[in-house]
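*Asks:* fold the following.
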Amino acid sequence: MNDFPHGPPDAPGEGEPPRSPSRRTMLVAIAASAAATAPLMSAGTAEAAPVRREELLYIGTWKQNQVFAVRFDPGNGAMTPLGAVAEVSSNWVVAHPTRPVLYVAGDEEGGHIRVFHIDDDSGALDQVGEIATESTPGVTGGLSYFGLTENAETLLAADFADGSAVTVPVTADGRLGPVASRVQDAGSGPNPRQQGPHPHHVVVDPSGTHALVADFGADRVFVYDYDAATRRMSAGAHDGPGAYATAPGSGPRRLTFHPRGRMVYLLNELTADIQVLHWDRRHGVLTPHQLLSTNAPDHTGATSAAELAVSRDGRHVYTSNRGDNALVVYSAHPRTGLLHEVQRVPCGGVTPWSFSLHPDGRWLFVANEASGTVNLFRVDPASGRVTDTGAFVPVPHPDCITFRPRGRRHLSGRS
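*Replies:* Model (predicted):
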């Protein structure tokens, strides 16, 4: 079932497997007890209640089958752990930008994306929908990434194990429709982990006419056509998708556009380097302009880059390096987008699997997977430099972090 019920989700909908009341009760109680000091919103009034100062963070876990929640005060950087709020495989988690909805993808067969309603008062989650995205039976490994388009009308998912990427329509209230389109990558690389295509990231370009897929296994960034009206990707009418080829054995992992829309930053996992690519949106072509290593000059041992983000103003680019257990900060030239390293700092733990920049640009949360912590860094928006606050919350094998936005007043019940 993909639809939300119109009222509170007291019972599973038609077609959904029955949920265990005892497990749900336990999870809600954990979250509610941890947030007991916060004022609860009256269920008996339709008047707007004041928005909390604190926000909610949701954290996926690598092969732990749990989602954790943290309440965060962006005014003073205080983090309050709420514990596990869902027992479900959580390779990746994404919160809807305006609705109390959390999407969770796992690593089991079928490429499942589960939809949860967020209780803003307690942080508790209640599953209200689920879809399967894979068409190939017997594939395990699941989705490596998914995210929403800027208008939150489409969910884009990269399936590492299946070698495909899909689009899923999102309704105004956060529901998921059936898969609208699927594209199948092709190719391989010289590394033993590159025996076939393995999409690791997918984004739509700022013009809304192309979808770019960073494929770890094929050493390619595939460029597909995208139709925003139908929310479909396609391989093109004549000669298939366009593609940008990295050096063999690079393992493309993450890509993001500069806010001006003319440059793309591509992070390669296996070679731990970052590329600056010029984007020709008219022809859907990427052209290389710069290549920088994220490794320290004295780096030895395993090489692995993991996460990539650009500040909202486009002045700074952030990466994580799992081989060095480091965060690397770059300044971006305002006209060309070319990068210059300005800082290299320890990540506060071991294996910085991913990180998330807070929407206000003043905080950065690092998911240190091997050391089992989410560490908080303060960001100087002017210089881009980050400072370890020393604050952290324990989470078993964290792999990704998303924010439940605040700043709006809402009516009691579902918004």
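*Asks:* now Glu134, what's its secondary structure?
*Replies:* Per DSSP: H, G, I helix; E, B strand; the rest coil, the secondary structure class of Glu134 is coil.
*Asks:* now do the closest residue to it other than its chain neighbours: how many residues are near it, please.
*Replies:* What sits nearest to Glu134 in space, not counting adjacent residues and going by C-beta to C-beta, 6 or more residues apart in numbering, is Gly111, at 3.7 Å. C-beta here means a position set from N, CA and C on the backbone, and glycine is covered the same way. Residues within reach of Gly111, counting by other C-beta atoms under 10 Å, total 28.
*Asks:* quick check: pLDDT value at Gly111.
*Replies:* For Gly111, the pLDDT comes out at 89.
*Asks:* my guess is it contacts Thr136, does it?
*Replies:* No - contact between Gly111 and Thr136 fails when scored by C-beta atoms under 8 Å: they sit 9.1 Å apart.
*Asks:* so what sits against both of those two?
*Replies:* Common neighbours of Gly111 and Thr136, using C-beta atoms under 8 Å, 6 or more residues apart in numbering, are Asp162.
*Asks:* near Gly123, how many other residues are there?
*Replies:* Residues lying near Gly123 (other C-beta under 10 Å) number 28.
*Asks:* I should have written Pro190 there, sorry.
*Replies:* By other C-beta under 10 Å, the residues close to Pro190 number 10.
*Asks:* mind checking the SS state of it?
*Replies:* Applying three-state DSSP: Pro190 is coil.
*Asks:* where along the chain do the helices fall?
*Replies:* Using DSSP state H, the helices found in the chain span residues 21-34.
*Asks:* quick one: low-confidence ranges for the stretch 301-415 of the chain?
*Replies:* 407-415 (pLDDT under 70).
*Asks:* hmm, I was thinking of the stretch 1-150 of the chain
*Replies:* Using pLDDT under 70, the stretch 1-150 of the chain drops low at 1-52, 138-141.
*Asks:* let's see that with 80 instead.
*Replies:* 1-53, 135-142 (pLDDT under 80).
*Asks:* count of neighbours near the closest residue to Ala243 other than its chain neighbours?
*Replies:* Sequence neighbours aside, Arg220 is the residue nearest to Ala243 in space, at 4.6 Å (criterion: C-beta to C-beta, 6+ apart). By other C-beta under 10 Å, 24 other residues sit near Arg220.
*Asks:* residues touching Arg220, list them.
*Replies:* Residues in contact with Arg220 (C-beta under 8 Å, 6+ apart) are 185, 187, 243-246, 252.
*Asks:* is Ser90 in contact with Val104, as I believe?
*Replies:* Yes - shown here, Ser90 and Val104 form a contact pair, counting by C-beta under 8 Å, at 5.2 Å.
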